[in-house]
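# generate a structure from the sequence data that follows.
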Amino acid sequence: MNIYLIRHTKVAVAKGICYGQTDVKLADSFTDELNKIKAQIENIKFDKIYSSPLKRCKKLAKQLFSSDIIYDDRLMELNFGEWELQEWDKIQHPDLDRWMTDYVNTPCPNGESFLDMHKRVISFIFDLHTEKCKNIAIIAHGGSIRNFITHIKNEDLKDAFKREINYGEIIKLEI
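Numbering: from 1, shown residues only. Here you go, the predicted structure:
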């Protein structure tokens, strides 16, 4: 089964702002980025389409595919809890240093750790194994895509951010 992981397009959020599960607006470049993604997948017949329910993924999914999009909360970005929409440089929380040192195991205050997110993404992946599909499209976030890659390639979670995942990037994996 071929999995096409499609990261949402650029967001209209100032650099240095912590956002995860907050619904943020997309950048003005959306249409151009959308057209580039469409051109890359136009000849692929997808048996199923999944998307994060957050607006930045939902909008892209609706523009790429006309129907039958399955929204799944397990594909959402990391929940940064109390840090959502805060400037990273101004977060003054005693757990910030601990989180920065071990984001894999340390949850954000009233949020989740990368391991928490990994568990929900793995749950989604296990459910995919029951599908009888050739090609599946998944519109998601940088964090959830990193979790797909680390799980499928059997990589260590602490190394998940060694690979950059650009806005609008499509990554094909086989499971």
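# and the closest residue to Ile152 other than its chain neighbours, what are its phi and psi?
Nearest residue to Ile152, sequence neighbours excluded (Cβ to Cβ, 6 or more residues apart in numbering): Leu173, at 5.2 Å. The way it works is simple: take the backbone N, C-alpha and C, and place the C-beta from them, glycine included. Taking degrees, to the nearest 10, you get phi -130, psi 150 for the backbone angles of Leu173.
# quick one, what contacts Leu173?
Listed by Cβ atoms under 8 Å, 6 or more residues apart in numbering, the contact set of Leu173 reads 2-3, 5, 148-149, 152.
# mind redoing it with 10 Å?
Leu173 makes contacts with 1-5, 125, 136, 138, 145, 148-149, 151-153, as judged by Cβ atoms under 10 Å, 6 or more residues apart in numbering.
# pull the number of nearby residues for Phe114.
24 (other Cβ atoms under 10 Å).
# what's the answer for His129, then?
Under the neighbour criterion other Cβ under 10 Å, His129 is assigned a count of 8.
# what sits against the nearest residue to it once chain neighbours are set aside?
With Cβ to Cβ, 6+ apart as the criterion, His129 has its nearest non-adjacent residue at 7.1 Å, and that residue is Ile175. Under the criterion of Cβ under 10 Å, 6+ apart, the contact list for Ile175 reads 1-3, 125, 128-129, 131, 136, 148, 151-152.
# Cys18 too?
Contact partners of Cys18, counting by Cβ under 10 Å, 6+ apart, are 78, 80-91, 108, 111.
# same check, this time on Gln40
With contact set as Cβ under 10 Å, 6+ apart, Gln40 has these partners: 4, 6, 168-170.
# tell me the confidence at it?
With respect to pLDDT, Gln40 scores 97.
# now do the phi/psi pair for it.
Dihedral angles for Gln40 - degrees, to the nearest 10 - are phi -80, psi -20.
# just to revisit the earlier point, got a PyMOL select line for the buried ones in the contacts of Cys18?
Under the burial definition 16 or more other Cβ atoms under 10 Å, those of the contacts of Cys18 that qualify are selected in PyMOL by:
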select buried, resi 78+80+81+83+84+86+91+108+111
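# element containing Ala150?
Ala isn't right for residue 150; it's Thr. When elements are defined using DSSP states H and E, Thr150 is found to belong to helix 142-152.
# could you list the buried residues of stretch 30-48?
Of the residues in stretch 30-48, 30, 33-34, 37, 41, 46, 48 count as buried by neighbour count, 16+ other Cβ under 10 Å.
# distance from it to the middle of the chain?
For stretch 30-48, the distance between its averaged C-alpha position and the chain's averaged C-alpha position is 17 Å (Cα atoms, centre = their mean, to the nearest Å).
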